[in-house]
Each structure stands twice: as C-alpha cells, then as structure tokens.
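Peer 1: heads up, no residue letters with this:
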Ligand code: ADP
Ligand code: MG
C-alpha cells in the first residue's frame, strides 16, 4: 500500500517551512491548545498542542473496522464490569503482587459489600489500535489496549480536523478534504455525560471533573465542559484533595461537594499509583460508595487492566458474554494481537521462554496506564531474569509487538526545530455508553483520535511528549 502520500511536499523545504508557519496559526485559531510546561496552571501564555504538519495515511477499511467494532467493545466492557466472578479470576494473580491493582480491587469489594448505590452506569472509553504490517504485506487492525478511565484528547481531536483541512486548502487539494473524516468526540462524550446526569434526576446537581494538580491539558477538558454548560449542566473541577476536605455523603449516600449535589463524577485523573496518597484513596472510596454516577465506576476501571485484556484474548472467553452472537465475537476477536499470561504454572513458564528466546517480537506490560511503563527488546530479558520464577511475574502480561509501516511526516512541537521524521500512528476510537439498570440506553462510537510518533520512541503518548495529534487521511 502506498503510504508515502506527501513526498512531493516534503521534497520542497521552503514549502514545508511556509506551511508549518501558517498551520501553527491555524492550530491556535482552532483551539488546538496546551498550557506550557513551565506554567501548567496558567492560561496567560499558551502553546499549540503538538501535531503533525500533514494528516497521516490510514487504510479506510481499517478505520471503518475500528469504528464498527466500537459498540461491541462498549458492550464487552460493560458486561465484564458486571462480572465479579470473571474479574476476580482474571485479576487474582496480579492482585497478589501488584499493590495498585490490589488497592483498586479492595475498593471494588468494599463497594459490592455495601451494595452499589447507583444503577446508572456511564462508560467513556477509548480503544487504541495500530496497523500491523504482516510479512505477506497485508495490513491489519490490532488493538493496543482499551482505556476505561480518563481516556483523553477527545476535546482536541474535535479541533484538529479543521487544521489539516486548511493545509489541504493551502496545497490546493480541495478534492482531498473529504478524505479527512469529520470528528467530534467532545459532543459524543458530553452526550453520554448529560444522559447520565439526566437519569440521575436532579436538576440542581452538578458534574464534577476530578482533575490533577498540574493541568497542562485543560483545553482538552474544556471542550467537553463547555458542551455541558451549553446544555445547562453545571460543571465543577475538583482534586482528590478538595474531595477529602470538603465532600461528604448524606444518609442516602448522595455526594455533596461544597454543598452542591454531584450527579456525575468524571475522572480525568486517578489512573496512576502516584496519584494516590493514603487520603486520596479515601476520597476515591467515598466517591465510589456514593450515589453519583461514576465515570468509570471502580469495576469498569478494573476492566481496563492489561491483565483483563490478556484474559479476554483466551480462546472461548468472549463467548461467556456473547453466547449466541458469534458475529460480535468474531469482530472483537479479529482485533486481538497475541497476548500471553505469566501466571505461575506451565503456561506462564512457556511465556517466559517465548519472551526470552525472541524479545524483539514482544512488548512486556505491567498493570499501569499513562505511557512509558512498557518494556521492549533486550530489557525484557533483563526484567524477566529477575522475576521469572517468582509470583511477581504475574503483574506483567506479554503481547505481540505490532509493527506498522513507518510514514514520513513533520511533527510540530512548540519551540522545536522543523524536522522530517519516520513515524507510526495509533488510532483510537471513543466509545460512549449509558446503562440504566439492565438496559443500555445509549451505545455509540463518539469519534476518533489519531496520534503519531517517531519510530525512535517505542512508547509514550501526547501527554508524555512523544506522540502528537494527527488526522487520518483515508487511503
Ligand atoms: P498505556 O496504558 O501506558 O498507554 P499502552 O498499552 O497503550 O499503555 O502502551 C503505550 C504505548 O506503547 C502505545 O501507545 C504504543 O505506542 C506502544 N505499544 C503498546 N503495545 C504495543 C504493541 N503491542 N506493539 C507495539 N507498540 C506497542
Ligand atoms: Mg495507551
């Protein structure tokens, strides 16, 4: 497949420089923004969020495939999150050795023990994929992971199409504009939140975004926030520390923050161990116990664990939730890469042997989110050497390494020189669903996110300063 669609442009250095200057202005105009590293909590001076000079080619059939399977993934995540027996089985070995997962699971058990106070469930997830180039030259869609908490960049992804549309205008490629699919995840995400808010059933109640201290990516949040305000839904932004100090539950377990009733808690934080002090765990527990709709609730958060992903890929497992729906199972399973368990026993021993014999073929993943945690290449051997006979190995999973075909582009980053690089892209699909008791009342694919990074980096997302925002240019 011809993926180097912009080589004519890249041959002309002056053109590239001119385009880059204009397109940065376009990004600022369109609100593709980020606060600066040095002043992450101030909007006095802001930067454009990093993005590609040109949109990256994405095979149209794979884009459509990812879009089509998103509702299935929503169903799956929702079903797994309600399956205590499965979650207990899937996470049992990891919980024993991974303190963070164990703490989350502990909250889950406490909430179940007390009885879940809210029957409305709101899921906002993002399923991420890469395009695997097979040895026979075929390209296939392979899931990297599904993010069930704080899935980000739905806001800025809604703003970036206009930037690349403009650059196609500058190149006089008006006919190609239709190759950039429309995208507005902000709207779909806000629709999910407002549906949950409505079902909560109190007009005065607010939506609370749980945010971190350092708020560089605030504009991404603001896109969703502003959609909610425009629907007459009030939004507040609070940190775990604020919850500890000023939130409480009443006798009906309604959550009050600064005397405002909270209908929906939307976590944009709380997915990494260092987000939690002892007190922050208490704040999380308080919110989970409450009647507010949590996005995600603790069970759905756990469903996004890498270990769960690996267990779902075992033969026959998906059928547990789709016993009479082989087509759904087929669609979901077609996106799975090879995933292998390190649980103690013969199977785990085989995984150790597999990884050690050929580390370049795999990625070693701990139960972590947020980028920069995975282990690649020779380091896989080093890490496994230390834990290969110990239960600690169960805190990892092994995954086939996806090898996309690199594509040339310029990654534009504030303050960095203009440079052509070889890159690979990762396509995310946003899933939004709302369940009321047993009934799914909303199940949508809310749009997409394309992130592109130089092949020099094995890991890391936009927030980590590695990947940049992009648009699929369907080929
Ligand atoms: P995180 O939860 O930290 O985002 P991911 O599983 O998404 O963890 O991995 C982080 C990054 O590592 C991905 O964005 C991707 O660039 C790279 N990566 C992860 N899994 C694979 C894989 N199987 N093959 C190739 N690259 C991968
Ligand atoms: Mg990821």
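Peer 2: Looks like it came in fine. Fair warning: this is a prediction, and the values are worked out from it, not measured in the lab. Ligands and ions are numbered 1, 2, ... in the order given.

Peer 1: what's the longest helix in the protein?
Peer 2: helix 60-81 (DSSP state H).

Peer 1: What are the buried residues along that helix?
Peer 2: With burial defined by 16 or more other CB atoms under 10 Å, the residues of helix 60-81 counted as buried are 62-63, 65-66, 69-78, 80-81. In this view, the C-beta of every residue, glycine as well, is placed from N, C-alpha and C.

Peer 1: any idea how far the next helix or strand after it is from the chain center?
Peer 2: Next along the chain after helix 60-81, taking DSSP states H and E as the criterion, comes helix 84-97. On the basis of CA atoms, centre = their mean, to the nearest Å, helix 84-97 sits 22 Å off its chain's mean C-alpha point.

Peer 1: for helix 84-97, packing partners?
Peer 2: helix 60-81, helix 99-114, helix 298-303, helix 306-312 (3 or more CB pairs under 8 Å, 6 or more residues apart in numbering; DSSP states H and E).

Peer 1: which bits of the stretch 51-200 of the chain sit near ligand 1?
Peer 2: 128, 144-145 (CB under 6 Å from any ligand atom).

Peer 1: Would you convert those into CSV that also reports distance to residue 460?
Peer 2: Listed next are these as CSV, based on distance: CB to CB, whole Å:
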residue, distance to residue 460
128, 13
144, 12
145, 14
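
Peer 1: Can you tell me which of these comes closest to residue 414?
Peer 2: residue 128 (24.7 Å; CB to CB).

Peer 1: I'd assumed residue 426 was in contact with the closest one.
Peer 2: Yes - between residue 128 and residue 426 there is a contact under CB atoms under 8 Å: 5.5 Å.

Peer 1: could the helices and strands packed on helix 84-97 go into CSV alongside mean pLDDT?
Peer 2: What follows is the helices and strands packed on helix 84-97, written out as CSV (pLDDT from 0 to 100):
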stretch, mean pLDDT
helix 60-81, 98
helix 99-114, 98
helix 298-303, 98
helix 306-312, 98
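
Peer 1: so which of these gets nearest residue 188?
Peer 2: helix 60-81 (10.6 Å).

Peer 1: Filter the residues of the stretch 51-200 of the chain next to ligand 1 down to the ones in strands?
Peer 2: 128, 144-145 (DSSP state E).

Peer 1: Let me know the angle separating the longest helix of the chain from helix 99-114.
Peer 2: Going by axes from the mean of the first three to the mean of the last three CA atoms, to 10 degrees, helix 60-81 is angled at 50 degrees with respect to helix 99-114.

Peer 1: I'd like to check the angle between helix 60-81 and helix 84-97, please.
Peer 2: Using the same axes, to 10 degrees: helix 60-81 against helix 84-97 is 90 degrees.

Peer 1: which residues are there in the stretch 301-450 of the chain that come within reach of ligand 1?
Peer 2: Checking the stretch 301-450 of the chain against ligand 1 by CB under 6 Å from any ligand atom, the hits are 337, 363, 365, 368-371, 373-374, 399-402, 426.

Peer 1: what separates the longest helix of the chain from the chain centre, distance-wise?
Peer 2: 13 Å.

Peer 1: Pull out the buried residues from the helix or strand hosting residue 450.
Peer 2: Per DSSP H and E: residue 450 is located in strand 439-454. Residues of strand 439-454 classed as buried by neighbour count (16+ other CB under 10 Å): 442-454.

Peer 1: which one among those residues gets closest to ligand 1?
Peer 2: residue 453 (6.6 Å; CB to the nearest ligand atom).

Peer 1: Identify all residues paired with the closest one through a beta bridge.
Peer 2: residue 424 (DSSP bridges).

Peer 1: Also residue 210?
Peer 2: residue 238, residue 267.

Peer 1: Can you give me the neighbour number for it?
Peer 2: 23 (other CB atoms under 10 Å).

Peer 1: you'd agree it is up against residue 243?
Peer 2: Yes - using CB under 8 Å, residue 210 makes contact with residue 243 at a distance of 7.4 Å.

Peer 1: Residue 219 touches residue 154, doesn't it?
Peer 2: No - assessed by CB under 8 Å, residue 219 is found out of contact with residue 154, at 11.8 Å.

Peer 1: quick one, which of those two is more surrounded?
Peer 2: residue 154 (28 against 19).

Peer 1: ok, that one to ligand 1 distance?
Peer 2: Applying CB to the nearest ligand atom, to the nearest Å, the value for residue 154 to ligand 1 is 15 Å.

Peer 1: which non-adjacent residue is nearest that residue?
Peer 2: Leaving aside its chain neighbours, residue 154 sits nearest to residue 185 (3.4 Å; criterion: CB to CB, 6 or more residues apart in numbering).

Peer 1: List the contacts of that neighbour.
Peer 2: 154-155, 157-158, 430, 446-449 (CB atoms under 8 Å, 6 or more residues apart in numbering).

Peer 1: And the furthest pair within those?
Peer 2: Every pair of those checked by CB to CB; the farthest is 155 and 448, at 13.2 Å.

Peer 1: if I pick the spatially closest residue to residue 380 that is not a sequence neighbour, what's in contact with it?
Peer 2: Leaving aside its sequence neighbours, residue 380 sits nearest to residue 359 (CB to CB, 6+ apart; 4.0 Å). Residue 359 makes contact with 376-381, according to CB under 8 Å, 6+ apart.

Peer 1: 10 Å - rerun?
Peer 2: 375-384, 398, 401 (CB atoms under 10 Å, 6 or more residues apart in numbering).

Peer 1: that older thread, in a markdown table, list the ones in strands among the residues of the stretch 51-200 of the chain next to ligand 1 along with neighbour count.
Peer 2: Below are those laid out as a markdown table (neighbours: other CB atoms under 10 Å):
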| residue | neighbour count |
| --- | --- |
| 128 | 20 |
| 144 | 20 |
| 145 | 17 |
